[in-house]
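A.B. asks: Generate a structure from the sequence data that follows.
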Amino acid sequence: MTTGFDCPGCGGTRAFWYLLHGNLPAAARSHIMVAFAAPFLLYMYLSWAAGLILRTKRLPMLRIAPLTIAIFLIAWGVFSVLRNLPWAPFTWLFV
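C.D. replies: Okay, the predicted model is just below:
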């Protein structure tokens, strides 16, 4: 609010809410990176929880390479900059 810029996470909670209600286009409109990461985070949580509850049966753990994490964080940084540019076509990223 002080600078007038969107923070890197602005719209993330709204995107999560839209995902919970099955509205994928609105979730992507609010924060595309959260909409992209949510299925991976959900699967990681479910595989962890299944390991705790079903001690004998386990879901395969999702193994994410450090390079993949780095690429995602770089993409998130680029997205954070692009969503604050005041000219088209980047104005549609502003929440």
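A.B. asks: Identify the residues contacting the helix ranked longest in the chain?
C.D. replies: When the chain is parsed with DSSP state H, its longest helix is helix 32-53. With contacts defined as C-beta atoms under 8 Å, 6 or more residues apart in numbering, helix 32-53 is touched by 11-12, 15-16, 19, 24, 27-28, 57-62, 64, 72, 75-76, 79, 93. (C-beta placed from N, C-alpha, C; glycine too.)
A.B. asks: What is the neighbour count of Ala70?
C.D. replies: Number of residues near Ala70 (other C-beta atoms under 10 Å) recorded here: 10.
A.B. asks: do the same with Val34
C.D. replies: Neighbour count of Val34, defined by other C-beta under 10 Å: 21.
A.B. asks: can you pull the pLDDT of it?
C.D. replies: Val34 carries a pLDDT score of 90 in this model.
A.B. asks: Buried residues in the one helix or strand Ala70 maps to, which are they?
C.D. replies: Here Ala70, judged by DSSP states H and E, is contained in helix 66-82. Of all the residues in helix 66-82, those buried under the rule 16 or more other C-beta atoms under 10 Å are 76, 79-80.
A.B. asks: So the spatially most central residue of the chain versus Gly12, what's the distance?
C.D. replies: For the chain, Val34 is the residue whose C-alpha lies nearest the centre (C-alpha atoms, centre = their mean; 1.7 Å). Distance from Val34 to Gly12, counting by C-beta to C-beta, to the nearest Å: 5 Å.
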